[in-house]
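Peer 1: Got a predicted structure here, sequence first:
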Amino acid sequence: MQAESSRPEIRLKGIAAAPGVGRGPVFLLQKGMPVISCVKVQDPETEIRRFEEAIVATRHEITNLRNKVVDELGESEAAIFDAHLLVLEDVALIDEVMKEVRSTGFNIEFCFQEVAQRYIDIFENMEDDFLRERASDIRDVTSRVMNQLVGTSPQRLGTPLHKQVVVAKDLTPSETVTLPTDGVVAFVTEEGGRTGHSAIMARSLEIPAVVGVRGLLDVVNEDDVILVDGELGLVVINPTAQTIESYQAKELTLQNRRDRVMKEIGMPDRTLDGVSFSLQANIGGPEDMEDIGRYYAHGVGLYRTENLFLRLDAWPTEEEQYQEYAAVVKQSNGKVITFRTLDLGGDKRLGDLTDEANPFMGYRAIRLCLDRPDIFRTQLRAILRAALLGPVAIMFPMISSLEELRKAKEFLRGVATELASEGITPKEVIRLGAMIEIPAAVAVAEELAQEVDFFSVGTNDLVQYLLAVDRGNQRVATLYEPAHPGFIRTMDKIFTSAKKNKVTSAVCGELAGDSLWAPLLIGMGVNELSMTPSAIPDVRFILRHSSQSELKSLAENVLKMTETAQIKNLMNEFSQSKLKLR
């Protein structure tokens, strides 16, 4: 046990990124790009050759790191570095750097840093959490290329003398994966989010982590002791003896609970009274399919097809799309893959998709597809061809009206007829769904339910639209509250409409994988929950140790409540009662 510090205890809140509790002396990771001067050069072409050599060397470095991760953690975790390799192959970025050198005559280090920072700024200002976290990938690769150019080496963590907590402004995926797990007990960062690659890595490495702790570096010192609660998102600097004592019991409880949860990972997905439920996975590419088997997911409830477009930074051909979709269906071993059609627009920009005054209420998702039949037709052909290899479902995002849904269905029928004339007909019936993420769709849920096989509720956007809260705006982010009674009653209307019309209810937003929310959703009548694969064990454990009558009672009680705090307290009490040791 660490000795009590003479300094006052400081508590900071952040984002819970990886569960567990870690405690130890601080290892302050000081980072930063080399200081680059802007100088005129005599021969821009020599600078460009240096740049090309640095890219080749960086590609070799990342490939070696990827191979190391494959050996130690597996292909799924190593796939994170495919995104880094793609940054090195980004023609737009590389061409822009070369153009900058030739037009300005400045040194390559300065031009590269300027262009890369512009890309980082674009991603950091995106609304979507997943895309915003990709800024870390670009920053990681930029740092590696820059070190090659200037001949320096990044700061290494080394092997700590004691069990230590790594503290940094942010951690890149490569830094996270090279953490010496025998010497690092936790990490905490000032920036970052739960969907960032470093957070994902932390969960794979089973290192407790808290990210996004504002003001962290202003108050922490290298000789401090720090406690990291990766479940509550709490960081305690210089904890008192009383705090340490209380956490010793919690550490033991958390470890025992985790062991118990993981023992049931392959058990049947049924409640105590034998009612089945379905836990599925949200994924973005073939590299994620390993997690389907690892966590015993029933299938893929959300395949983000736009990720391929964003990775390529181009409009992929039918064959490029088919190859990716086919690879996923082949690996599914008969489990259904639910493809969400292209959800570009908003902050996910590509090609001629430009800034708009209100991008989240603008030219995006199904609106884009119906307006660009060339893009929509290509994607649907690729999906339907992949359906020859196994069970597939299709869902349309951002549906706002019956007319819009019917247009999308009509377009799909046309593509199916076209493929049938070519002798291509899926062996199984393709289930069709509508994403419910716009309040207008909720208002006409009865009519929409008569047109589809399932609803999939996108809770992230639905909360944002319903409460008129931009969750990326820090001044109003606290108002982004799913436990608002209005939101819960809205979901109840969706599920009631689905049940009345014998339509399957699914939820694929963040709430589906939240151990507080999953019991409520099942109690409200949801049939399928689709989530980040690593969230499945906790959700499965809670539901397996609940009866259907308990879940329904929870939902009934919540629907009667009128205050957010009441609702959150009840859900928390229910969840904790199921997770506690017996």
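Peer 2: Done, it's in. Residues are numbered from 1 along each chain as shown.
Peer 1: Let me see the contact set for Asn572.
Peer 2: With contacts defined as C-beta atoms under 8 Å, 6 or more residues apart in numbering, the neighbours of Asn572 are Leu516. The way it works is simple: take the backbone N, C-alpha and C, and place the C-beta from them, glycine included.
Peer 1: Could you pull up phi and psi at it?
Peer 2: phi -60, psi -40 (degrees, to the nearest 10).
Peer 1: Grab the nearest non-local neighbour of Glu451.
Peer 2: Excluding its sequence neighbours, the residue lying closest to Glu451 (C-beta to C-beta, 6 or more residues apart in numbering) is Leu405, at 5.5 Å.
Peer 1: counting contacts, what elements does the helix or strand hosting the one you found pack onto?
Peer 2: Under DSSP states H and E, the secondary-structure element containing Leu405 is helix 402-421. Based on contacts counted as 3 or more C-beta pairs under 8 Å, 6 or more residues apart in numbering; DSSP states H and E, the elements that helix 402-421 packs against are helix 365-371, helix 373-386, strand 392-396, strand 431-436, helix 445-449.
Peer 1: One more pass at 10 Å, please.
Peer 2: Counting contacts by 3 or more C-beta pairs under 10 Å, 6 or more residues apart in numbering; DSSP states H and E, helix 402-421 is packed against helix 365-371, helix 373-386, strand 392-396, strand 431-436, helix 439-443, helix 445-449.
Peer 1: Please point out which parts of the strand or helix carrying Met491 sit buried.
Peer 2: Using DSSP H and E, the element containing Met491 is helix 485-500. By neighbour count, and taking 16 or more other C-beta atoms under 10 Å as the criterion, the buried residues in helix 485-500 are 485, 487-488, 490-491, 494-498.
Peer 1: so which pair among those is furthest apart in space?
Peer 2: Taking C-beta to C-beta, the two most distant members of these are Pro485 and Ala498; they sit 20.6 Å apart.
Peer 1: I'd assumed Gly433 was in contact with Phe455.
Peer 2: Yes - between Phe455 and Gly433 there is a contact under C-beta atoms under 10 Å: 6.5 Å.
Peer 1: packing partners for the longest strand seen in the chain?
Peer 2: Secondary structure assigned by DSSP state E gives strand 21-28 as the longest strand of the chain. Helices and strands touching strand 21-28, by 3+ C-beta pairs under 10 Å, 6+ apart, are strand 164-168, strand 184-189, strand 225-229, strand 234-237, helix 241-263.
Peer 1: If we go by neighbour counts, what in that strand is buried?
Peer 2: Neighbour-count burial for strand 21-28, with 16+ other C-beta under 10 Å as criterion, is recorded at 21-27.
Peer 1: and Phe455 and Gly433? which has more neighbours close in?
Peer 2: Set side by side, Phe455 and Gly433 give different neighbour counts by other C-beta atoms under 10 Å, the larger being at Phe455 (28 against 22).
Peer 1: Now for the more buried one: which residues touch it?
Peer 2: Phe455 makes contact with 395, 399, 433-436, 441-442, 445, 448-449, 494-495, 497-498, 501, 503-507, 526-527, according to C-beta atoms under 10 Å, 6 or more residues apart in numbering.
Peer 1: Only the buried subset of these, as a PyMOL command please.
Peer 2: A single PyMOL command suffices to select whichever of those are buried according to 16+ other C-beta under 10 Å:
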select buried, resi 395+399+433+434+435+436+441+442+445+448+449+494+495+497+498+501+503+504+505+506+507+526+527
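Peer 1: With that, I have no additional questions.
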